[in-house]
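A.B. asks: Next input, structure requested:
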Amino acid sequence: MRGGQLVDVSAKDLEAARAALARAVAEGALGPGRSVRRDGDGCAFDGGRIDVTSDGRVTWELSLAPVERLRAAEGVVLGTAVSVAATLGWSAIVYVSLGAGAIVGGGWAALRIARDRSSARRRMRALVASLPVLVDAGRK
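C.D. replies: Next up is the predicted model:
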């Protein structure tokens, strides 16, 4: 997932902004347990990168592949459970119960993935929007 945003950071505060972003990510702004390293125009961390360019643009990239694989596995498990319950518990015909399980499991996985993406996008936008405050706090 990628995104970008304009922020009000002056040219003299670019290095402070990059350091503030790295510090915020390391302290858990995007979730606990991320290792961060300063790299070029921004910082790179486990599963992503945030860059602050000289014209005040902040671009970010975030990989949600591990979380999406987990949600797909949850969908498969839920779909299997629904299929078995429909076949054994409600005496549904096998092809009906398999279809019901596929719909429930696929729907569950799709909704959870959409929610995870929305949450990650919201956290990243909030972090970037708070950049001027983080820079001011770093000065003190």
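
A.B. asks: Contacts only, for E61.
C.D. replies: Contact partners of E61, counting by CB atoms under 8 Å, 6 or more residues apart in numbering, are 1-2, 48-49. (Glycine included, C-beta is placed from N, CA and C.)

A.B. asks: cutoff 6 Å now
C.D. replies: Each residue near E61 by CB atoms under 6 Å, 6 or more residues apart in numbering is listed here: 2, 48-49.

A.B. asks: How about the secondary structure of it?
C.D. replies: strand (DSSP: H, G, I helix; E, B strand; the rest coil).

A.B. asks: now I50
C.D. replies: I50 is classified as strand under three-state DSSP.

A.B. asks: Tell me the buried residues within the contacts of E61.
C.D. replies: Those of the contacts of E61 that meet the buried threshold are 48-49, by 16 or more other CB atoms under 10 Å.

A.B. asks: Export the contacts of E61 as a markdown table, with columns for pLDDT and distance to G105.
C.D. replies: Listed next are the contacts of E61 as a markdown table, based on pLDDT from 0 to 100; distance: CB to CB, whole Å:
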| residue | pLDDT | distance to G105 |
| --- | --- | --- |
| R2 | 90 | 28 |
| G48 | 91 | 28 |
| R49 | 93 | 33 |
